[in-house]
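# Structure here, sequence nowhere to be found:
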C-alpha cells in the first residue's frame, strides 16, 4: 500500500466516535491488556490538553468541518498540563480520508503578539509553519477564537502505529482566546460525552479492530473545536 505524504508528512487514518462513559469503561478494560499506556500521562493515566483554535468571522474552519470537506486545514496553539513554557503551533490538514499534522514550537510572548494582531514579523520567520499561518491570517482573516480544555487518556499499539485516545471533560472558553491564563473561566460542554479517536498508519491490526467493537458508538466528524462552538 502506497504511503501518502503532504509536505513530507506521512498521512494517517483518523476515526472518531462519540461514546458513553460506560462504553469507555468497558473498552478501556479491554485495551489495557493489549496496549501500552502513554508514558507522558500522570498517575491516573491521563493528561490535560489546552488548545486555542483559529477561525474567522464567517466561521470558515467550523463550516468546513461540519460539511465534511475532503480538503481542509486547521490551525491551533496547544499546551499540555497548563505548562506555558512549552507551546506548539500545529496545523492539521485533511486530504481525502487521511490526516496530516505539522507542528513547531512557539513562545508565550510570540503567541501574545499573534493574539493582539501583531503578525508582520511572521512573514519572514524561519519556521515555515508560522509563515503559512501568516498567509492564512492575511487571506482569510484567521485569528485565535476559542480555547478548549479536555482530559486525554491514550493507549498505544506498535504494529500499525496505533493510538487510541479517550477525550473527556471537554470545556470551552466561548470566544475568549487568552490560552495562557491559568484562571481563564471555562464552561463544561456535555459531561456525558467521551470522544474516542483511533489513529493508525497503513493498517489497523485485527486484534485492535475486534476490541473496538463495543456498544452503540456513533461514528462521525466530531472534533473538540466543533463541540465547543456549539456553546458559543
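Looks like it came in fine. Keep in mind it's a predicted model, so treat the numbers as computed, not measured. Residues are numbered from 1 along each chain as shown.
# Can you name the next helix or strand after the strand of greatest length in the chain?
With residue count as the measure and DSSP state E as the assignment, the chain has strand 143-157 as its longest strand. Using DSSP states H and E, the helix or strand that follows strand 143-157 towards the C-terminus is strand 162-172.
# Tell me the strands beside the longest strand of the chain, with direction?
Pairing partners of strand 143-157, with direction, according to DSSP bridges: strand 36-37 (antiparallel), strand 46-55 (antiparallel), strand 162-172 (antiparallel).
# So which residues of the protein form helices?
Using DSSP state H, the helices of the chain run over residues 21-31, 60-67, 108-115, 128-140, 206-211, 224-229.
# hey, least reliable of those by pLDDT?
Per-segment mean pLDDT for the helices of the chain reaches its minimum on helix 224-229, at a mean of 87.
# Against which helices or strands is it packed?
strand 46-55, helix 60-67, strand 143-157, strand 162-172 (3 or more CB pairs under 8 Å, 6 or more residues apart in numbering; DSSP states H and E). The C-beta positions use only the backbone N, C-alpha and C, and glycine is treated the same way.
# try it again with 6 Å
Judged by 3 or more CB pairs under 6 Å, 6 or more residues apart in numbering; DSSP states H and E, the packing partners of helix 224-229 are strand 143-157, strand 162-172.
# As JSON lines, those with mean pLDDT, distance to residue 81 and mean neighbour count would be great.
Rendered in JSON lines, the data for the helices and strands packed on helix 224-229 read as follows (pLDDT from 0 to 100; distance: least, CB to CB, whole Å; neighbours: other CB atoms under 10 Å):
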{"stretch": "strand 143-157", "mean pLDDT": "96", "distance to residue 81": "10", "mean neighbour count": "21"}
{"stretch": "strand 162-172", "mean pLDDT": "95", "distance to residue 81": "14", "mean neighbour count": "20"}
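# which stretch among those comes nearest residue 225?
strand 143-157 (6.1 Å; CB to CB).
# contact partners of that closest one?
Strand 143-157 is touched from outside by 31, 35-36, 38, 45-55, 115, 163-173, 177, 179, 186, 208, 224, 228, with contacts defined as CB atoms under 6 Å, 6 or more residues apart in numbering.
# tilt between that strand and helix 21-31?
With axes from the mean of the first three to the mean of the last three CA atoms, to 10 degrees as the criterion, the two stretches strand 143-157 and helix 21-31 enclose an angle of 40 degrees.
# what's the angle between strand 143-157 and helix 60-67?
50 degrees.
# how far out from the middle of the chain is strand 143-157?
The chain centroid and the centroid of strand 143-157 are separated by 5 Å under CA atoms, centre = their mean, to the nearest Å.
# can you redo the strands paired with strand 143-157 as a markdown table with distance to residue 110?
As requested, these are arranged in a markdown table below (distance: least, CB to CB, whole Å):
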| stretch | distance to residue 110 |
| --- | --- |
| strand 36-37 | 33 |
| strand 46-55 | 13 |
| strand 162-172 | 24 |
